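[1] sharing a sequence plus its predicted fold:
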Amino acid sequence: MRSIEDLVAELPIFTGLDAPHRELIAGCGANRVFEAGEHLAREGDPADTFYVIRHGRVALEVAAPAKGTLMIATLGEGSVVGWSWLVPPYRWSFDARALEQTRAVAFDGACLRGKCEAEKAFGYELMQRFAAVMLERLQATRLQLLDVYGGPDGE
Amino acid sequence: MAVPTASEATPGAGRGPMVPRPFRVAARRQETEDTWTLALEPADGGPVPELGPGQFNPGQFNPGQFNMIYAFGVGEIPISISGDPGAGGPLEHTVRAVGPVSAAICRAEPGEQLGVRGPFGSSWPLAGAAGRHVVIVAGGIGLAPLRPALLRALAERERLAGLVLLCGGRSPSQLLFRSELEAWRDDPRLELGVTVDSAEAGWLGHVGVVTTLIGDASFDPANAVAFTVGPEVMMRFTVDALLDRGMGPADVHVSIERNMKCAITQCGRCQLGPTFACREGPVMSYGAIEPFFRAREL
């Protein structure tokens, strides 16, 4: 059976990190399995954890009155689920639900924040990596907001 | 490649390049709330337009080409051909009702007539794709002009190293060709990714922009050719994602369809620098069109 450190080395968000930093991260991680329909997180709950998907798919959702549950995005293998653990008040903004059986590494956010505080260079490295993920998601969200398929392109 | 002029492409001795040939609506199929596929056959009983020597399918048209469709008394617009070039029979066009002309075309019932000029323009470079991965990225109605290329690629799958189709849409109900998408999902000849901008719980596909599917798609960027059609904003981000993946600009092909009016380079409305979208396009390699692709004034 592979160790959490072995798994951390394979996760795209941590690609290229040196061994001591991978060890720091692995110390805050644990393997988790979610069955289809099971929630990884619920809107409003304390965001003390984030996940990196190893296998499976996860939907980010929000419940809207009279509209039911709306799916905002789906995330697949290698994707990060959650960054609310990074900034106060550390609460989930959306639901995260497994669409199929999903294997993920769960990371203790408070544990990692402590290590980032204690070792600033490591913290900066980690923040850069999460900023890249956030930028990618922000750009994708902006494209969705543009509703490019909604209006006429010509005539 | 040689591009036929309307007079060459449209049978009828003495018919000028701007004079449409009457076609009859043979069949009409609703695809989504506002989009219809029309099958058109010549009202004079003659053959559908023939292309010149060396072109893909001497019987009908090349994948990616378009016709000018005229709703009598309303107006004329360019519409890509969406049918199978190898199938013969009526010409298929998939039209979204977004203005008075396209709405009139969508309303045309079987038996009614529409004017047709064409086919015009360049085509998807399938002939040069032998031994390579073909990656097709469609956004919204953009799947219609890509469908002929996909159908030919499926028919000639053994020539290709791989075939990937990535489709983006506004919502599940607005995806085109849904029964075909279902069939293609289980087709071992291609890898299919479908994503929508928003969905209700219960949708089992992806949610997100189509560019998010490119990173995980199975193709070798060093040995691939990509075709993309959709709103220009979507195509710009798609091109960026394909280049980020490692593809070369010359291997990424886009369809530029804006501002076409005459389709025979006379009006200049579709001119992009030294090129005309109706003549060198609508299909152009990103490498060739790059200086003008992001020009705001064009």
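    Sure, I can see it.
[2] what does the helix or strand hosting residue B:95 rub up against?
    Residue B:95 is part of strand B:91-96 when elements are defined by DSSP states H and E. With contacts defined as C-beta atoms under 8 Å, 6 or more residues apart in numbering or on different chains, strand B:91-96 is touched by A:152, B:23, B:31, B:34-41, B:48, B:60-61, B:67, B:69, B:79-84, B:102, B:105-106, B:116, B:141, B:144, B:147, B:176. (Each C-beta comes from the backbone N, C-alpha and C, glycine too.)
[3] which of those residues count as buried?
    Buried members of those, counted by 16 or more other C-beta atoms under 10 Å in any protein chain shown: B:23, B:31, B:35-41, B:48, B:60-61, B:67, B:69, B:79-84, B:102, B:105-106, B:116, B:141, B:144, B:147, B:176.
[4] quick one on the thing from earlier: what's the mean pLDDT across the strand holding residue B:95?
    On average, the pLDDT along strand B:91-96 is 95.
[5] most remote residue from chain B's center?
    Ranked by distance from the centre of chain B (C-alpha atoms, centre = their mean), the top residue is residue B:201, with 31.4 Å.
[6] partners of that one in the sheet?
    Residue B:201 has these beta-bridge partners by DSSP bridges: residue B:203.
[7] spit out the contact partners of it.
    For residue B:201, the contact set (C-beta under 8 Å, 6+ apart) comprises A:59, A:61, A:68, A:69, A:70, A:71.
[8] what of residue B:254?
    By C-beta under 8 Å, 6+ apart, residue B:254 lies in contact with B:228, B:229, B:235, B:239, B:283, B:284, B:285, B:286, B:289, B:293.
[9] wait, a helix at it?
    No: judged by DSSP: H, G, I helix; E, B strand; the rest coil, residue B:254 forms no part of a helix; its state is strand.
[10] and it, what's its pLDDT?
    Looking at residue B:254, its pLDDT reads 96.
[11] helix/strand/coil for the residue nearest to residue B:129 when sequence neighbours are not counted?
    Once flanking residues are discounted, residue B:129 sits nearest to residue B:225: 5.1 Å by C-beta to C-beta, 6 or more residues apart in numbering or on different chains. Here residue B:225 is strand, with the state taken from three-state DSSP.
[12] which ones are touching residue B:225?
    Listed by C-beta under 8 Å, 6+ apart, the contact set of residue B:225 reads B:125, B:128, B:129, B:132, B:133, B:134, B:135, B:251, B:252, B:253.
[13] what does stretch A:62-72 rub up against?
    A:43, A:59, A:60, A:61, A:94, A:95, B:198, B:199, B:200, B:201, B:203, B:207.
[14] so how far is it off the chain centroid?
    Taking C-alpha atoms, centre = their mean, to the nearest Å, one finds stretch A:62-72 lying 20 Å from the centre of the chain it belongs to.
[15] stretch A:68-86 now?
    6 Å.
[16] out of the contacts of strand B:91-96, which sit inside strands?
    Those of those mapping onto strands are B:23, B:31, B:35-41, B:67, B:69, B:79-80, B:116, per DSSP state E.
[17] ok, and which of those reach chain A?
    Among the ones in strands among the contacts of strand B:91-96, no residue lies close to chain A (C-beta under 8 Å from any C-beta of the partner chain).
[18] can you redo these as JSON lines with pLDDT?
    JSON lines is the format used below for the ones in strands among the contacts of strand B:91-96 (pLDDT from 0 to 100):
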{"residue": "B:23", "pLDDT": "94"}
{"residue": "B:31", "pLDDT": "96"}
{"residue": "B:35", "pLDDT": "96"}
{"residue": "B:36", "pLDDT": "97"}
{"residue": "B:37", "pLDDT": "98"}
{"residue": "B:38", "pLDDT": "97"}
{"residue": "B:39", "pLDDT": "96"}
{"residue": "B:40", "pLDDT": "95"}
{"residue": "B:41", "pLDDT": "92"}
{"residue": "B:67", "pLDDT": "93"}
{"residue": "B:69", "pLDDT": "96"}
{"residue": "B:79", "pLDDT": "95"}
{"residue": "B:80", "pLDDT": "94"}
{"residue": "B:116", "pLDDT": "93"}
